[in-house]
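# Model the following, please.
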Amino acid sequence: MKGASPPKICSTAQTGRPGSTAQAVPTGQRSPDGANETALPRKHRPESEKQRMPDTNPLGVSESAALEVVVFDGGFGDQYVQDAEAVFSSRFPRAKVEHSAVQDILPVLRPRFDAGNPPDLIDNTGPQSLATADLAGEGLLSDLRTLLDAPSYDDPGTPVADTLIPAVIGKGRFGGEEVWALNYAFTAFGIWYSGSTLARHGWEYPRTWDEMLALCAEAKRKGIAGWTYAGRYPYYLQWTLYPFIAKIGGPEVLKAIDNLEPNAWKHEAVRKAFEAYYELVAKGYVLPGTPELDHTQSQTAWTEGRALFIPNAPWVENEAKDTTPPGFEMAVAPPSGLDAADAMPFETIWAQAGEAFVVPRAARNPEGGMELLRVMLGKEAARNFAVLVSSLTTVRGALGGADLPSGLASADAMVNAAGQHIVCPRTDWYQDLNREVIAGLIGEMMADRLKPAEAIARIQRAADDTARDDSVKKYRHP
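Okay, here's the model as predicted:
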């Protein structure tokens, strides 16, 4: 199916994904042959090393400075970055490119930030990512406005900033005008299902919660669970629960939650949403054993037809490709609404710019890191990324005319149907609170170890504790 460009969206939250199995951990040391020894900061390089080429080298990259890149090894893999590195190497053949893919960014790279020898470009993503807000606050990142003001890779007359969809630049700001991160993927969260399975049984995707429960009951009678999810990573549930809350009570409910306002979690919309999700557990509509499953296991159970629905994102099409049978017709839809009294329409979703790339301030070759990002933000590289990993992209028009797999085409259609009805929870403002505490308590509720009222009460207490903690920098929606 042909792709279209995403509509205007607001600034959104950073999320992480569990990684895949392969891992090549960087040592934190420079190449043993000394190839990186000449990669000094630009102001310290000899004039013969700089070799400025204003038209083709707008960022002033040294032709021989080594470049080190570390990529999160998750659902997207790292081939799309290696493909862009090949383009970089064709333009700077004397520059050695050192590439690593790791699953856990924080334990691998935090020591290198502390030692003052971080890589030149980092894909700071995943459940063990570094908190971008903290890195920016510590002065450890480069301001990427230099890159945004540079000519785009495709059109020297258009700056990089003008090639990106709205909200990408705002997502990389944390309380000032500086841009500390650029997010490469455009992710739309929803409820994923097999189109062929629904069609075979004569079922339609449920638009209200009563319809969802009725369909789950019918599926259960046929030996199919209604839902499964990544029980070991319960923040996957937030991606559909939060827009469900917004549908019931309006976007102001999520804004109050983001702002750590008193009693924000006690809003009636939160109670209704939590009780609705708990019904799935109480009525036996969740695949048994789901709380113990990781993302891969839950996705495999889903593609094997053991469950109808799974909360996820477009990367599932790539992650689950080895277990997806022919004719599965992977598709995604917005979370079901509650009822006709909802404040926002059925089409409302959580969509965001994600996969944050950063250039450390102490990098030996920050210009090279920005130049590789400039290559990646060209339409050809962005289209290659989308097709390789089944993801939308933050580069305007990159998918125009591309043949998309069924899941990605469905996500593209869902985003365009949502229009302006896109919510943007800032779970990245207080990453530990959101990912560890709130998501954990939601997971406990869905494992039937907490009732909704107790889960809400404990979440509110945790939010209040964060609001009172003067050591935590606070952020607010205007």
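# biggest helix in the protein by residues?
helix 452-468 (DSSP state H).
# Just the pLDDT for residue 359.
Per-residue pLDDT puts residue 359 at 98.
# and what of residue 55?
pLDDT, read off for residue 55, is 60.
# likewise residue 4?
Here the pLDDT value assigned to residue 4 is 43.
# now the strands for the chain?
67-72, 97-102, 121-123, 182-188, 190-194, 225-227, 307-312, 330-333, 349-358, 392-393, 422-423 (DSSP state E).
# tell me how far the longest one is from the chain's mean position?
Computed by C-alpha atoms, centre = their mean, to the nearest Å, the chain-centroid distance of strand 349-358 equals 4 Å.
# who does it touch, helix- and strand-wise?
Where contact means 3 or more C-beta pairs under 8 Å, 6 or more residues apart in numbering; DSSP states H and E, strand 349-358 is packed against strand 121-123, helix 132-137, helix 168-171, strand 182-188, helix 235-249, helix 406-418, strand 422-423. Any C-beta I mention is one placed from the backbone N, CA and C, and that applies to glycine too.
# Would you mind getting the angle between it and strand 182-188?
160 degrees (axes from the mean of the first three to the mean of the last three C-alpha atoms, to 10 degrees).
# pLDDT below threshold where in the stretch 1-150 of the chain?
Applying pLDDT under 70 to the stretch 1-150 of the chain flags residues 1-55.
# any chance you could map the helices in it?
Per DSSP state H, counting those that start in this stretch, the stretch 1-150 of the chain carries helices over the ranges 47-50, 79-91, 105-115, 132-137, 145-149.
# Can I get the ones you listed in CSV including mean neighbour count and distance to residue 65?
Output for the helices of the stretch 1-150 of the chain, formatted as CSV (neighbours: other C-beta atoms under 10 Å; distance: least, C-beta to C-beta, whole Å):
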stretch, mean neighbour count, distance to residue 65
helix 47-50, 12, 8
helix 79-91, 17, 12
helix 105-115, 16, 18
helix 132-137, 19, 23
helix 145-149, 18, 16
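# Ok, which of the ones you listed comes nearest residue 242?
For those, distance to residue 242 was read as C-beta to C-beta. The smallest value, 19.3 Å, belongs to helix 132-137.
# Quickly note the distance from residue 136 to residue 245.
Per C-beta to C-beta, to the nearest Å, residue 136 is found 29 Å from residue 245.
# Residue 128 too?
From residue 128 to residue 245 the distance is 27 Å (C-beta to C-beta).
# Comparing these two, which shows the higher neighbour count?
More crowded of residue 128 and residue 245, by other C-beta atoms under 10 Å: residue 245, with 27 against 18.
# Excluding residues flanking it in the chain, which one is nearest that one?
Of all residues not flanking residue 245 in the chain, residue 273 sits nearest, at 4.5 Å (C-beta to C-beta, 6 or more residues apart in numbering).
# who touches that neighbour in this structure?
241, 244, 245, 248, 338 (C-beta atoms under 8 Å, 6 or more residues apart in numbering).
# go again using 10 Å as the cut-off
209, 240-249, 253, 267, 335, 338, 452, 456 (C-beta atoms under 10 Å, 6 or more residues apart in numbering).
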